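Student: 3D model of this:
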Amino acid sequence: GNQYFQFFPNQLTWAQAQRHCQALNANLASVRNLGEYQAIQRVILNGARNNVPTWIGGSDAQEEGYWFWIDGTRFTYANWCQGEPNNVGGRENCLHMNWTGNLCMNDIPCNARYPFVCARKVRRSLE
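Tutor: Okay, the predicted model is just below:
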């Protein structure tokens, strides 16, 4: 199924952002392929008028180096920045995108504050 993405400019921690998404019956966005990554980038650009670094739903907080999407999607696509994820200080367990001029994915401490993108899975109604 497709996903419906929405950008929120509020500067929240990763967990606060996920809770905000859940209140809307959504999750922080997962990314399954380059097309979805670019779709999320467009949503951010439209909302922020800029390619701002933005939370999405990736985390390896449960076990270092094992990345998961919060919505349960398998973590098969990644667009990491060069040298990432590097877990600086042993504390970088959450994922944001549009990092650096390359607009790639980076691991960052979960208590950092960024805008975020929520995603809702769009299911076809049963006719």
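
Student: For this protein, which residues score under the pLDDT cut-off?
Tutor: Judged by pLDDT under 70, the chain has its weakly predicted residues at 1, 124-127.

Student: ok, how many other residues are close to residue 7?
Tutor: Counted with other CB atoms under 10 Å, residues neighbouring residue 7 total 19. (Glycine included, C-beta is placed from N, CA and C.)

Student: Pull up the gap between the nearest residue to it once chain neighbours are set aside and residue 98, please.
Tutor: Leaving out its chain neighbours, the residue that sits closest to residue 7 by CB to CB, 6 or more residues apart in numbering is residue 47, at 3.3 Å. Computed as CB to CB, to the nearest Å, the residue 47 to residue 98 distance reads 12 Å.

Student: Looking at the two now, which is surrounded by more residues?
Tutor: residue 98 (24 against 17).

Student: State the three-state secondary structure for the spatially most central residue of the chain.
Tutor: The residue lying closest to the centre of the chain (CA atoms, centre = their mean) is residue 56, at 1.0 Å. Put simply, residue 56 is strand when judged by DSSP: H, G, I helix; E, B strand; the rest coil.

Student: Nothing else from me, thank you.
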